[in-house]
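1. missing the sequence, but the structure's below:
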């Protein structure tokens, strides 16, 4: 019989990317920060991470089986969701919490929409929002001091995270007449020290969620992803630039344009959120201008929540809210067709 | 974006160029095949009509079909011998096509009027065009649009710029590259004729910077001839050789969506076509042979081969030492836009720039997974389209939405499918979508 050849539409060569490769690469990029979490918060952090990942994978497997869909456990996305979810809880949470969060993230955050590619919001962040709404005391209990550091990153106050301290100080300083002088002075002192705590924020020996504290370790992973082009510059850079600009304008205690920019960038979950969660491909815009607007929107909402909202930190809610705008942004910012006019 | 002013266009990809196998190999002549198969359709437009019958004796260069209209060109016997059949035969573009089969007499006797004419530059424009058409010229770059049609713009269009396309941005292919190295004089003479026919002031040759030897040779030759042409070295990026992208890179002009290069005063011709124009006008030499790059892991000896039109692929492969055991896919053209072949009996046609043979390992397709909206396809689309949306619309059979999203502007360059990490066969979907959109437009009138 005559030999048969493969026949298919062009193109006949491909670059060697795949969805699992992207997902595993992002997970690998998070490894330095994961190692940092274990270093700063002890073996407990490792257990939390393992529980988060295993429950995410198990949920994915069970749901695929139940719904008789092709098994997608190995595509790396459930692993990444479990890892990111655990990065977003405090080292103090009970061991069952990342499990619950992962189940929610995979089942409600992703699977009910049709699985990977169809979820409107970042599943890990949705899982975190669920945990925060359900067990707020556990989720905001940051009472475990990191190795070689204090929770706040400064010595005057040791019981709260940097952003919490900032929010509390600002509250006191702006209404100083209602507080005893002693408290006011303490707040003033803390405010000054916070500005000098940049080193601690950069290396990560401060309190906070597991994976968010070390700017240095997160940036190593981010640089890898940028180099491999698994994330673009548009969302993270516009996000961070917007936070920087608006914090500078509105973040100070002495009026406009006195905010301490570096502190706002390094503290909280901004670096983790900007490079690893706002850039989630499924839930962020596809177009050039869509991504720019998305980043700016995330930044503006983050500063709004940090400065005015009830929470000290607003990264996760900002990203979730902007996720919901993604389809609209894509529609509004269609690229110009070569030789054509911009189509609405 | 605009801040990096390099001669290029926006979007595009950088596949490995895979030209090392053949770019240093001189063009070799393929021996006369025992028979040739000349299809009536080797160009875009109306098929030509057979004018010979079974049993007829034909000479090399003798027309065996006549034009089927204005947008049509005749085909010629590429060897001398006997017509043994006029029947449906396998065709590289898909379905079988009516073809003239000629058995060689081994003599290669040429029609007598193929001869050099000293004063060819003084011929009038009409005669030049007539010679181009009767030589059966159709774009040798692969699109095979009849050359004389491109050279006869309607009176309301002014052509100002001639662009000769020596980009050869498809990986693996080196036939144009070798032609520029070995037959540069012919290309420049052809340019001179094209400039005359079109009455243009400016003429450029665009060549990608990965062919510095070709750039040097063309530049040297043009300088020596004193002709006011320019070689434009271009950024190495696929699809730099696509007509609209090339015009943009060289002239800065943008061909409006749905319009033709002549709407911005440009005509683009492939280097091979330019050389063939010279042959057609100066020698009355019909198009009966072309350079074909035979390459890929599945070929024993990769070569650039000067081949008679109509030579069956199998014969050409034999000349190149045969195919490897694990041959998986045979592609006419380059790997980005070429067509996979099901039969080795299909013949070389005017647009056959190369034959690429992939092994089984490289031929397998990856399993399609779900789109994760990574938007790489949007980043690389040289036409500014949204390939992932077009793919989704076609899958859902929302052809109206696909049309609204400019599916007809797609040039099928394959950049989107090349980069897709979900291995979605976007070009396949878009080609199907285009055919459905065109069908419904025809129905609606």
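-> That came in fine, so what should we check first? Please read all numbers here as calculations on a predicted model, not as lab measurements. Residues are numbered from 1 along each chain as shown, chains lettered A, B, ... in the order given.

2. helices and strands around the helix or strand hosting residue B:246, which ones?
-> Element membership of residue B:246 [criterion: DSSP states H and E] is helix B:243-251. Counting contacts by 3 or more CB pairs under 8 Å, 6 or more residues apart in numbering or on different chains; DSSP states H and E, helix B:243-251 packs against strand B:161-165, strand B:202-208, strand B:229-234, strand B:266-270. (Glycine included, C-beta is placed from N, CA and C.)

3. Give the partner strands of the second one in its sheet and their orientations.
-> So the one you mean is strand B:202-208. Sheet pairing for strand B:202-208, assigned by DSSP bridges, gives strand B:161-165 (parallel), strand B:229-234 (parallel).

4. Which stretch among those strands is buried most, on average?
-> strand B:161-165 (a mean of 25; mean count of other CB atoms under 10 Å in any protein chain shown).

5. which SS state does the closest residue to residue A:108 other than its chain neighbours fall under?
-> Distances taken as CB to CB, 6 or more residues apart in numbering or on different chains place residue A:126 nearest to residue A:108, at 7.0 Å, with adjacent residues excluded. Using DSSP: H, G, I helix; E, B strand; the rest coil, the structure places residue A:126 in helix.

6. One more: residue B:38?
-> Applying three-state DSSP: residue B:38 is strand.

7. which residues touch the residue lying closest to residue A:204 once chain neighbours are set aside?
-> Distances taken as CB to CB, 6+ apart place residue A:214 nearest to residue A:204, at 2.6 Å, with adjacent residues excluded. Residues in contact with residue A:214, defined by CB atoms under 8 Å, 6 or more residues apart in numbering or on different chains, are A:33, A:36, A:40, A:202-204.

8. Recalculate using a threshold of 10 Å.
-> By CB atoms under 10 Å, 6 or more residues apart in numbering or on different chains, the residues touching residue A:214 are A:32-33, A:35-37, A:39-40, A:146, A:201-206, A:208, A:220, A:266, A:271-272.

9. Without its sequence neighbours, what residue ends up closest to the residue of the stretch 151-300 of chain A at minimum distance from chain B?
-> Chain B sits closest to residue A:286 of the stretch 151-300 of chain A, with a gap of 3.5 Å, by CB to the nearest CB. In space, and not counting its chain neighbours, residue A:286 is closest to residue B:375: 3.5 Å by CB to CB, 6+ apart.

10. What is the neighbour count of the one you found?
-> Neighbourhood size, residue B:375 [other CB atoms under 10 Å in any protein chain shown]: 22.

11. next one: the one 10 residues further on
-> If you count neighbours by other CB under 10 Å, residue B:385 ends up with 25.

12. Which residue, neighbours along the chain excluded, lies closest to the residue nearest the centre of chain B?
-> The centroid of chain B falls nearest to residue B:142 when counting by CA atoms, centre = their mean (1.5 Å). Closest residue in space to residue B:142, ignoring its immediate chain neighbours: residue B:351 at 4.7 Å, by CB to CB, 6+ apart.

13. For the one you found, which residues are in contact?
-> Neighbours of residue B:351 in contact, by CB under 10 Å, 6+ apart: B:42-44, B:92-93, B:138-145, B:270, B:272, B:290, B:332-333, B:339.

14. From those residues, which land in strands?
-> Within the contacts of residue B:351, residues falling in strands by DSSP state E are B:270, B:290, B:332, B:339.

15. hang on, the earlier thing: the residue nearest to residue B:142 - that's part of a helix, no?
-> No - under three-state DSSP, residue B:351 sits outside any helix and is assigned coil.

16. how far away is it from chain A?
-> 14 Å (CB to the nearest CB, to the nearest Å).

17. and if you look at residue B:380?
-> Counting by CB to the nearest CB - residue B:380 and chain A are separated by 10 Å.

18. Verify the contact between that residue and residue B:12 for me.
-> Yes - Residue B:380 is within contact range of residue B:12, at 6.1 Å (criterion: CB atoms under 10 Å).

19. For the two, list the residues in contact with both.
-> Counting by CB under 10 Å, 6+ apart, the residues touching both residue B:380 and residue B:12 are B:237-239, B:413, B:415.

20. so what are the domain limits for chain B?
-> B:27-113+B:287-361, B:120-283, B:376-444 (automatic domain parsing).

21. Would you mind listing where chain B has pLDDT under the threshold?
-> B:1-7 (pLDDT under 70).

22. got the residue ranges for the helices in it?
-> Applying DSSP state H to chain B gives helices spanning B:125-134, B:147-150, B:175-182, B:184-198, B:212-225, B:243-251, B:271-283, B:313-319, B:360-363, B:376-380, B:387-395, B:399-404, B:415-419, B:426-444.

23. CSV for those, including distance to residue A:189?
-> Conversion of the helices of chain B to CSV gives the following (distance: least, CB to CB, whole Å):
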stretch, distance to residue A:189
helix B:125-134, 89
helix B:147-150, 80
helix B:175-182, 73
helix B:184-198, 80
helix B:212-225, 67
helix B:243-251, 62
helix B:271-283, 77
helix B:313-319, 84
helix B:360-363, 68
helix B:376-380, 50
helix B:387-395, 55
helix B:399-404, 62
helix B:415-419, 55
helix B:426-444, 61
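
24. got the ones you listed as a markdown table, with mean neighbour count columns?
-> Shown next, in a markdown table, are these (neighbours: other CB atoms under 10 Å in any protein chain shown):
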| stretch | mean neighbour count |
| --- | --- |
| helix B:125-134 | 18 |
| helix B:147-150 | 24 |
| helix B:175-182 | 24 |
| helix B:184-198 | 21 |
| helix B:212-225 | 16 |
| helix B:243-251 | 23 |
| helix B:271-283 | 26 |
| helix B:313-319 | 20 |
| helix B:360-363 | 16 |
| helix B:376-380 | 24 |
| helix B:387-395 | 22 |
| helix B:399-404 | 18 |
| helix B:415-419 | 26 |
| helix B:426-444 | 16 |
